[in-house]
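Student: What follows is a predicted protein model with its sequence.
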Amino acid sequence: MLLAIDCGNTNTVFSIWDGEKFLCTLRTSTHHARTADAYFTWYSTLVKHYGIEVTITDVIISSTVPRVVFNLRVFADRFFGCRPMVVGKPDCALPVPPRVDAGTLVGPDRLVNTAGAFARHGGDLIVVDFGTATTCDVVAEDGAYVGGVIAPGVNLSLEALHMAAAALPHVDVTTPPRVIGTNTVDCMQSGVYWGYVGLVKGLCEKIRAEYARPMKVIGTGGLAPLFAQGADLFDEIEDDLTMHGLTVIHDYNKKG
Ligand SMILES: Nc1ncnc2c1ncn2[C@@H]1O[C@H](COP(=O)(O)OP(=O)(O)O)[C@@H](O)[C@H]1O
Ligand SMILES: CC(C)(COP(=O)(O)O)[C@@H](O)C(=O)NCCC(=O)O
Ligand SMILES: [K+]
């Protein structure tokens, strides 16, 4: 069975794929100093808790944090006796290579989102991922990643306000009741929430105009559903898109 691992700058997600469905999704914070033994302690406790008894034969990793890959490789080797595929490494091929400026190292999460979204929807897509950063990935007609947008993430923006302004508290993102806030917290939440609604709308409009073909917009990442509530931003929301992309890339490499 396949263990798919997606390390973002904030969270690391493990998911077990039985060939048809994901049996579980386990989440921990991303921390480069976490050892292989620590990963296994956490993993084995949770799979036991969920009553999942499976043999992992394959591991695929996508990591936006290069330093975590070493310990994850040791984890795969020591506990499952396998050599993981690592997205972005030369021995892990992509179904369609990206078309970007020479020397650009595209974030593996964006390549994985591209593969996952193309497998489900075909081409001419914008994938909006609300992670540590908010990214738009443009997927061409043939399934190639052809560029996009990197903007600060939602929580990062709220945190930056708190860090930089003495009188601004730490607040969580939520849908504010009104645009015009009548207290500090509502003002901050309005700025970030409606600001991001406008940012995503505006970016998608401009991407569509520049790309000059009809495009479908797919939202993913933990905060996508929150943003779908307030506005008509996405054609689809898929919180398992990155995991699905990992299974697509794994299959592609297995089949040679
Ligand atoms: N369901 C959720 N509700 C609220 N915040 C979330 C949820 N899922 C993730 N987040 C927050 O959104 C941000 C991005 O998370 P995530 O998508 O896991 O990022 P990354 O993939 O970059 O690690 C983080 O600050 C995280 O705490
Ligand atoms: C843009 C990102 C920081 C997003 O990472 P995430 O929010 O998923 O942690 C990551 O995809 C990355 O480091 N990209 C490298 C540069 C690029 O994609 O062009
Ligand atoms: K991500």
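Tutor: Received, thanks. Numbers count the residues shown, from 1 in each chain. Ligands and ions are numbered 1, 2, ... in the order given.
Student: can we go C-alpha only for contacts and neighbour counts from here?
Tutor: Fine.
Student: Please look at Pro108 and Cys92 and confirm they touch.
Tutor: No - with contact defined as C-alpha atoms under 8 Å, Pro108 and Cys92 do not form a contacting pair (11.1 Å).
Student: Pick out whichever of the two has more residues nearby.
Tutor: Pro108 (22 against 17; other C-alpha atoms under 10 Å).
Student: Distance of that one relative to Thr41?
Tutor: As judged by C-alpha to C-alpha, to the nearest Å, Pro108 and Thr41 stand 26 Å apart.
Student: any idea how far the lengthiest helix in the chain is from the chain center?
Tutor: What stands out as the longest helix in the chain, according to DSSP state H, is helix 184-211. Here the centre of helix 184-211 is set off from its chain's centre by 19 Å, with C-alpha atoms, centre = their mean, to the nearest Å.
Student: averaged over its residues, what pLDDT does the helix or strand following it have?
Tutor: Downstream of helix 184-211, the first helix or strand assigned by DSSP states H and E is strand 216-220. Across strand 216-220, pLDDT averages out at 98.
Student: How about stretch 69-83?
Tutor: 98.
Student: do the same with stretch 48-62
Tutor: Regarding stretch 48-62, the rounded mean pLDDT is 97.
Student: just the CA coordinates of that stretch, formatted as CSV?
Tutor: Once non-C-alpha atoms are left out, stretch 48-62 reads as follows in CSV (Å, rounded to 0.1, in the frame of the first residue of the first chain):
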residue,chain,number,x,y,z
LYS,A,48,-3.3,1.8,15.8
HIS,A,49,-5.9,4.2,17.1
TYR,A,50,-7.8,4.1,13.9
GLY,A,51,-7.5,0.3,13.7
ILE,A,52,-5.7,0.4,10.4
GLU,A,53,-3.6,-2.7,9.8
VAL,A,54,-1.8,-2.4,6.5
THR,A,55,1.7,-3.0,5.1
ILE,A,56,3.2,0.0,3.5
THR,A,57,5.2,-1.0,0.4
ASP,A,58,5.6,2.4,-1.3
VAL,A,59,6.2,5.9,-0.1
ILE,A,60,5.9,9.2,-2.2
ILE,A,61,6.9,12.5,-0.7
SER,A,62,6.3,16.1,-1.8
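Student: Checking that stretch against ligand 1, do any of its residues make contact.
Tutor: No - if you take C-alpha under 6 Å from any ligand atom as the test, stretch 48-62 misses ligand 1, and the best it gets is 10.5 Å.
Student: for stretch 218-229, same thing?
Tutor: Yes - counting by C-alpha under 6 Å from any ligand atom, ligand 1 has neighbours in stretch 218-229: 221-223.
Student: Write a ChimeraX command that selects only the buried members of these.
Tutor: The ChimeraX selection below is limited to those of those classed as buried (16 or more other C-alpha atoms under 10 Å):
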select :221,223
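Student: Closest one of the residues of stretch 218-229 next to ligand 1 to ligand 3?
Tutor: Nearest to ligand 3, judged by C-alpha to the ion, of these is Gly221 at 6.4 Å.
Student: need the contact list for the closest residue to Pro152 other than its chain neighbours.
Tutor: Once flanking residues are discounted, Pro152 sits nearest to Ala133: 4.8 Å by C-alpha to C-alpha, 6 or more residues apart in numbering. The contact partners of Ala133, by C-alpha atoms under 8 Å, 6 or more residues apart in numbering, come to 150-154, 156.
Student: I'd like the distance between Ala133 and Asp240.
Tutor: Note on Ala133: its distance to Asp240, by C-alpha to C-alpha, is 18 Å.
Student: cool, Arg208 as well?
Tutor: For Arg208, the distance to Asp240 (C-alpha to C-alpha) stands at 25 Å.
Student: Stretch 18-34 and ligand 3, any residue contact?
Tutor: No - with C-alpha under 5 Å from the ion as the criterion, ligand 3 is not reached by stretch 18-34; the gap is at least 11.4 Å.
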